[in-house]
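In: Sequence first, then the predicted structure:
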Amino acid sequence: MQQTERRPPAAHGSILDLPDETGGLWADLPVVRMIDQPEVLTAARDALLAAFAEPTLRHYLDPFAPAGPRNAAVIEVLRAALTQQRREGGALAGVVDDAATLLALFAATIGWGPAQRYLDDPRVNEVKINGCTIMAQEAGRPFVVVAERFTDAADVRRRATQLAAVLGVRLDANHPQETLPVAHGTRVHVTIAPRLAHDGALVCIRRGRRDAWDLDDLVAHGTIDTELAALMHVLCRANCSFLIAGRTGSGKTAMLEALANSWPATPHIISIEDHTLEVGIRDDAIWTRELVDTQRDPQAFGRAAREALRQTPGLLLPGETRGAEAGAILALALSGHPVITTLHARTTEEAARRFAAYAAQPGAYMYEGRTDDALVDTCGAFDVVVLLDMLETSGRRVVGELALLGGTTVRDGRAAPALTTLARAEIYENGGVCWRLQAHTDGNTLIWDDGRERTPPRLRERISRLGYAAGSQVSIDQVATALQRAEQLLAAGDAERALATLQRAWQHRRDPQLRAAAVRTLSQTPRPIAGLQTMSAAACARLELLADTRCWRAAAQLQAEYARDLALVAAAGAEWDPLEYRIHQGVSAEEQAEQAAAAAATALACHEPYEAVLALNRCRSTSDLVAPATELRLLQLREAALIELERRGEGAPGALDALQARRSALEVAMALEERGSNHA
């Protein structure tokens, strides 16, 4: 019936032990030749669609659902159908019930055939099916044409129209282009004849992320760097309203999601999405999720935005702004509620102008026909414009520019957005990116590198309250006073008192200007302050040792202790920042691993080994950073999950043996290290 060829197994290559979102693509996925008996396919399709009609199973049988739980549900449904037909007779009676065969039946019927394996790989962002050709885009890489193909373009159209019918969307000759409202944050756009010249379909599937991202995730994926993330954190804490602009596929929705998940405290978040649920918000948030359908009711989005005025959101996420709903969104932003929305634009100025033009469209709330008024209010209501881009050669999504909106100015006799660039990306020929920042932050303020205060007044007032709320005892003016006094003392030849002046200010505000002044002070001292260079080198060496042994929390505690001494930090020079970043990454990895372990332990206690494996896969990309004891805990939990899966007869061949060998090797290494420490 079914023949399956497999590439050599790897550490995480199985149907159940899924890859994570950051690994390489195409590794050790099963190569399956599809079953071609029509009667078998018809019987399997009928059994799956009957189960799909049940509300409790529909979520799991969705082709776009997370593959682990979905595969378990598929196997359960088809095995029940096989058992019944073996007893009563039927086309499925002779089908073997191994997991690979049953999942191949799913892919061949209500799934997406040879494209299903790429939809199930969490590292794939988007899949396109054009006629018989399949293209896949892995995170951070351009589209590639894969080896698999559909044998019949009409089959692709049949699958698309079948999905549309199940979802209650009309897809036919009179409606040849539609977006299908599938679940799990995935967006499916389908085009068929007569819009197409052939009798197939163009299906564009943008897969939703399994985990909700924040700004740290954007750093990990190279969209921003840590300094830019720090600036954006300050803007979030100041309750800024953001316009996020860029072309299609540049990562606008991911940026909206990351900003929302980095918002301070626990605001009441209201999201409004059109036709497709794409935004992901963390589970611990207070989140009201609204879905409208402007294809059936063009005014639905605008009405939902107007109603949000009465729901007093702590943060409003109107999704993508594409038309007259901009008027209602602008009214909400003017009322003082922070708003984050996206739109298509190529520059930061074009983003502000286009949003104003949308707000002045016919039928728009408040601003119909009043483009100039809409522009003035747009530039007054929104604080920040984020411009995103995707690098063609690599597929990497990056922030091209971060700019502050400070009202309008007059240019050529007309109102124009008053934009101040905060950061801009420099993109090199080799694909590398460097962000040139005009300002930095100490956590509570924006400090412009050239010393000129260019923060728009309204934003400056809000940011100034952050330092007060954080209990900062030294203001920016007092920092400036300390810097001036230190320069005077240094000019008088009193380097030690100059350094002491900077140190007193440093105790209350970790201002980069104080550190830079301390470096200059040390470099201009006739003789090095006694023992400082030696102490600094020893401190860095001790931190390096803790980092090398992955003792992250001890390293973070010691690093915080050393950081109190400005002279020590200044003497460390270029070594300090990379070391501080490395420790931060290690602590983050440790926390992520502990969360994954807790989730996996809970899943195992509830006899849900698939969910345990999924939870553990979320920290796979950083598992080489965690402490050995934490790594052992993760391996033990994964081992327990695989044992349970094998007990059920659903484990992957060789996966458990490889895992146990790895766990044993780690235990031996830890025992040898402990023995060596005891002897020492």
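Out: Right, received. Where do you want to start?
In: quick one, what contacts Arg564?
Out: Neighbour list for Arg564: Gln507 [criterion: C-beta atoms under 8 Å, 6 or more residues apart in numbering]. All C-beta spots, glycine's among them, are computed from the backbone N, C-alpha and C.
In: contacting residues around the residue sitting nearest the centre point of the chain?
Out: Closest residue to the average C-alpha location of the chain: Trp213 at 3.3 Å, with C-alpha atoms, centre = their mean. Residues near Trp213 by C-beta under 8 Å, 6+ apart: Ala254, Glu257, Ala258, Asn261, Gly280.
In: Skipping its backbone neighbours, what lies nearest it in space?
Out: Leaving aside its sequence neighbours, Trp213 sits nearest to Ala258 (C-beta to C-beta, 6 or more residues apart in numbering; 4.8 Å).
In: and that neighbour, how many neighbours?
Out: 25 (other C-beta atoms under 10 Å).
In: So it, which state does it fall into?
Out: Ala258 carries the three-state label helix when classified by DSSP: H, G, I helix; E, B strand; the rest coil.
In: where in the stretch 351-500 of the chain is pLDDT low?
Out: 467-477 (pLDDT under 70).
In: Let me know the helix or strand that the residue nearest to Asn130 when sequence neighbours are not counted is in.
Out: Spatial nearest neighbour of Asn130, chain neighbours left out: Leu202 (5.3 Å); criterion: C-beta to C-beta, 6+ apart. Assessed by DSSP states H and E, Leu202 sits inside strand 201-206.
In: SS state for Val145?
Out: strand.
In: pretty sure the residue nearest to Trp213 is touching Asp214, no?
Out: Yes. Contact criterion C-beta atoms under 8 Å: Ala258 and Asp214 qualify, at 5.2 Å.
In: hang on, the earlier thing: quickly list what the residue nearest to Asn130 is bridged to.
Out: Leu202 has the following beta-bridge partners by DSSP bridges: Asn130, Thr191.
In: What segments of the stretch 1-150 of the chain are helices?
Out: 38-52, 55-61, 67-88, 99-108, 116-119 (DSSP state H, counting those that start in this stretch).
In: would you turn those helices into JSON lines with mean pLDDT, distance to Tyr562 and mean neighbour count?
Out: As requested, the helices of the stretch 1-150 of the chain are arranged in JSON lines below (pLDDT from 0 to 100; distance: least, C-beta to C-beta, whole Å; neighbours: other C-beta atoms under 10 Å):
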{"stretch": "helix 38-52", "mean pLDDT": "86", "distance to Tyr562": "59", "mean neighbour count": "17"}
{"stretch": "helix 55-61", "mean pLDDT": "63", "distance to Tyr562": "51", "mean neighbour count": "14"}
{"stretch": "helix 67-88", "mean pLDDT": "87", "distance to Tyr562": "44", "mean neighbour count": "18"}
{"stretch": "helix 99-108", "mean pLDDT": "88", "distance to Tyr562": "54", "mean neighbour count": "22"}
{"stretch": "helix 116-119", "mean pLDDT": "88", "distance to Tyr562": "48", "mean neighbour count": "23"}
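In: Turn those into TSV, including distance to Asp297.
Out: Below are these laid out as TSV (distance: least, C-beta to C-beta, whole Å):
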stretch	distance to Asp297
helix 38-52	27
helix 55-61	25
helix 67-88	32
helix 99-108	35
helix 116-119	30
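In: which stretches of the stretch 401-550 of the chain form strands?
Out: Under the criterion DSSP state E, counting those that start in this stretch, the stretch 401-550 of the chain contains strands at 414-427, 433-437, 439-441, 446-448.
In: for these, which one sits closest to Ala72?
Out: Of all the strands of the stretch 401-550 of the chain, it is strand 433-437 that lies closest to Ala72, at 40.9 Å by C-beta to C-beta.
In: Mind listing what's buried along that closest one?
Out: Val433, Trp435, Leu437 (16 or more other C-beta atoms under 10 Å).
In: that older thread, which helices and strands sit right next to the strand holding Leu202?
Out: strand 124-130, helix 153-167, strand 187-192 (3 or more C-beta pairs under 8 Å, 6 or more residues apart in numbering; DSSP states H and E).
In: by contact count, what packs against the second one?
Out: The one in question is helix 153-167. If you count contacts as 3+ C-beta pairs under 8 Å, 6+ apart, helix 153-167 packs onto strand 177-180, strand 187-192, strand 201-206.
In: buried sites along it?
Out: Buried-residue list, helix 153-167, by 16+ other C-beta under 10 Å: Ala153, Val156, Arg157, Arg159, Ala160, Thr161, Leu163, Ala164, Val166.
In: mind listing what the first one touches?
Out: When contacts are counted by C-beta under 8 Å, 6+ apart, Ala153 touches Gly131, Cys132, His198, Asp199, Gly200, Ala201.
In: Out of these, give me the two with the largest separation.
Out: In terms of C-beta to C-beta, those reach their longest pairwise distance at Cys132 and Asp199, which sit 11.6 Å apart.
In: out of these two, which sits in the busier spot?
Out: Cys132 (16 against 13).
In: Could you report the neighbour count for the residue nearest to the more buried one when sequence neighbours are not counted?
Out: Leaving aside its sequence neighbours, Cys132 sits nearest to Phe150 (C-beta to C-beta, 6+ apart; 4.3 Å). Using other C-beta under 10 Å, Phe150 has 20 other residues around it.
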